[in-house]
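> model the following, please.
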Amino acid sequence: MEKADMVLVNHALTHRSYSFEKGSFEDNERLEFLGDAFIGFLVSRYLYEKFPDADEGTLSKKKSSLSSLLGCALEALIGAFYISLPLEDVSLFVLERIVTPSEILLHADVFADYKSRLQECVQKKFKCIPEYKLISEMGPDHVKSFQVEVFILEKSYGKGFGARKKTAENAAARIALDRLKDEEQNPLSPCPNPTENA
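Model prediction:
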């Protein structure tokens, strides 16, 4: 792989807060936009070819799960590569170093899609969908931390934390699933009444 334009690489690694503080540095948001679009295209093509029998909904879910693993700085870096390097080289780099490893990671428990599991479970059991509420948002832009609480029929079923809102929601969904399982095993535990609020 040829050498990337280091000026663009520096821009890709410059967060908006640092750029604002210094006043003379270009931040990475434009490159992030470009990198996100390019990665999205490659992921879509990769999934389309790998899962020829999957419908649009399944492919979209897989794409969303893979994209959620990527950070803003990485997307901006890919944007810088896209501008300054041959397209074939960047495509191969993204597929070999990002897409394929990310797909493997998705099979790890920490990256499981608990939100989808919870929604399916709640729709089947209570005929409604979980509601996620942002409880708190802490820290500067480049190191934010989110706390999200999940409710089922207005009853809290757990709180989750994460560096991204989606990550916090997924963590809360995992806790909710464990709690629902516990309620099934212990029927005396208080649980929502599906007929309430009808």
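
> show me how the chain divides into domains.
6-111, 114-185 (automatic domain parsing).

> turn these into a markdown table, including mean neighbour count and mean pLDDT.
In this view, the C-beta of every residue, glycine as well, is placed from N, C-alpha and C. As requested, the domains of the chain are exported to a markdown table (neighbours: other C-beta atoms under 10 Å; pLDDT from 0 to 100):
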| stretch | mean neighbour count | mean pLDDT |
| --- | --- | --- |
| domain 6-111 | 16 | 80 |
| domain 114-185 | 17 | 90 |
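
> which neighbouring elements make contact with the helix or strand containing V43?
Here V43 sits within helix 29-50, counting by DSSP states H and E. Contact here means 3 or more C-beta pairs under 8 Å, 6 or more residues apart in numbering; DSSP states H and E; on that basis helix 29-50 packs against helix 6-12, helix 56-67, helix 72-84, helix 87-94.

> for those helices, which one sits closest to E29?
Minimum separation from E29 across these (C-beta to C-beta) falls at helix 72-84, 7.6 Å.

> now do that closest one against helix 87-94, angle only.
160 degrees (axes from the mean of the first three to the mean of the last three C-alpha atoms, to 10 degrees).

> with just CA atoms, put helix 72-84 into PDB.
The C-alpha coordinates for helix 72-84 follow below in PDB (Å, rounded to 0.1, in the frame of the first residue of the first chain):
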ATOM      1  CA  CYS A  72     -15.400   8.300  14.000                       C
ATOM      2  CA  ALA A  73     -11.600   8.700  13.800                       C
ATOM      3  CA  LEU A  74     -11.300   5.500  11.800                       C
ATOM      4  CA  GLU A  75     -14.000   6.600   9.400                       C
ATOM      5  CA  ALA A  76     -12.200   9.900   8.900                       C
ATOM      6  CA  LEU A  77      -8.900   8.000   8.400                       C
ATOM      7  CA  ILE A  78     -10.500   5.900   5.700                       C
ATOM      8  CA  GLY A  79     -11.700   9.100   4.100                       C
ATOM      9  CA  ALA A  80      -8.200  10.400   4.000                       C
ATOM     10  CA  PHE A  81      -7.000   7.100   2.400                       C
ATOM     11  CA  TYR A  82      -9.800   7.300  -0.100                       C
ATOM     12  CA  ILE A  83      -8.700  10.700  -1.300                       C
ATOM     13  CA  SER A  84      -4.900  10.100  -1.400                       C
END
